[in-house]
Every structure is written in structure tokens, then in C-alpha cells.
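Engineer: using only what follows, build the 3D model:
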Amino acid sequence: MVVDDEPDITMIFTLGLEDNGFKVDAFNDPIQVLSSFKSDLYDLALLDYKMPNMNGFQLYREIRKIDHKVKVCFVTAFELYYEELRNKFQSFSIASSEHMEEHVKCFIPKPVDIDDLVIRIKEELNS
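Structural biologist: Numbering: from 1, shown residues only. So this is what the prediction gives:
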């Protein structure tokens, strides 16, 4: 699953990932994701951090309530948010008592080359 509020980004990611053998569902609205998200439907969620209505971290928390096994990679174009996410997960994983203690380790800064994205996703799926 790819979630980014920029349709061009979801289109590029979807085409690149599908060209490399992945089946992809793309969304531009995190609220829409929650209305159709089901447990065991996705192996990995690729989430943009900075989105209107709900940021990627908020979306992560909501989808993990539905499926605590789905792997997550965050993507962000802003170094500030990239570091904020890393810091948030370091402190969050220590304090968490829910199913989110798995420690998200996949943070991908934009812009990202599709070949690099494919490598990172395969690494995450095999971890």
C-alpha cells in the first residue's frame, strides 16, 4: 500500500513497484485508507509523513490498531520531519505498551530513486 497526498508520487511509486513485481494499492487520502483498511490485506504500508487531515504517524497508529503485523516504511521530503519521525519512534517504542513496540526502522527520505525504493522495501519485507 502506498499513501501520499501527491497523486504524482503515488503514480510514480505504483508504476515503479508494479514494474518490479509488487501488487500496489495507492491512496492520496489517509482518511480513505482507514475506511477500507483490513487486517492481513497488506504486507507493507509505504506512508508519506506530511499529509493534510492526518499525518503519516497518526495513520500508522490507526492502521496498527487494525493490523499489528503490517510492516511500515515512512517517506518524507523534509529533513525536519525525517528526524522528527526517527526521534518519535525511538521514544515511542520505549514507552509503548501496545502492539506498536516493533520499532519502525524503515525511514526513506525523498527524493528516492525507484531502484533504491525497491531495495528498501525488499529488505523490510525480508526482515
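Engineer: now do the buried residues in stretch 22-35.
Structural biologist: Within stretch 22-35, the residues that qualify as buried are Phe22, Ala26, Phe27, Asn28, Pro30, Val33, Leu34, counting by 16 or more other C-beta atoms under 10 Å. (Each C-beta comes from the backbone N, C-alpha and C, glycine too.)
Engineer: can you tell me the closest non-neighbouring residue to the last one?
Structural biologist: Just to be clear, that refers to Leu34. Glu62 (5.6 Å; C-beta to C-beta, 6 or more residues apart in numbering).
Engineer: going by secondary structure, that neighbour is in what exactly?
Structural biologist: helix 56-66 (DSSP states H and E).
Engineer: please compute how far that helix lies from its chain's middle.
Structural biologist: 10 Å (C-alpha atoms, centre = their mean, to the nearest Å).
Engineer: pLDDT of it, averaged?
Structural biologist: The pLDDT scores in helix 56-66 average 92.
Engineer: following the worst-scoring helix or strand of the chain on mean pLDDT, which helix or strand shows up next?
Structural biologist: None of the helices or strands of the chain scores lower by mean pLDDT, DSSP states H and E than helix 79-95, at a mean of 55. Once the chain leaves helix 79-95, the next helix or strand it forms, by DSSP H and E, is strand 106-109.
Engineer: what is the next helix or strand after that following strand packed up against?
Structural biologist: Tracing the chain past strand 106-109, the next element assigned as helix or strand by DSSP H and E is helix 114-126. Taking 3 or more C-beta pairs under 8 Å, 6 or more residues apart in numbering; DSSP states H and E as contact, the helices and strands that helix 114-126 lies on are helix 7-19, strand 44-48, strand 71-76, strand 106-109.
Engineer: okay if I get these as TSV plus distance to Leu117 and mean pLDDT?
Structural biologist: Formatted as TSV, these follow (distance: least, C-beta to C-beta, whole Å; pLDDT from 0 to 100):
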stretch	distance to Leu117	mean pLDDT
helix 7-19	7	97
strand 44-48	8	95
strand 71-76	8	89
strand 106-109	7	84
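Engineer: brilliant, that's me finished.
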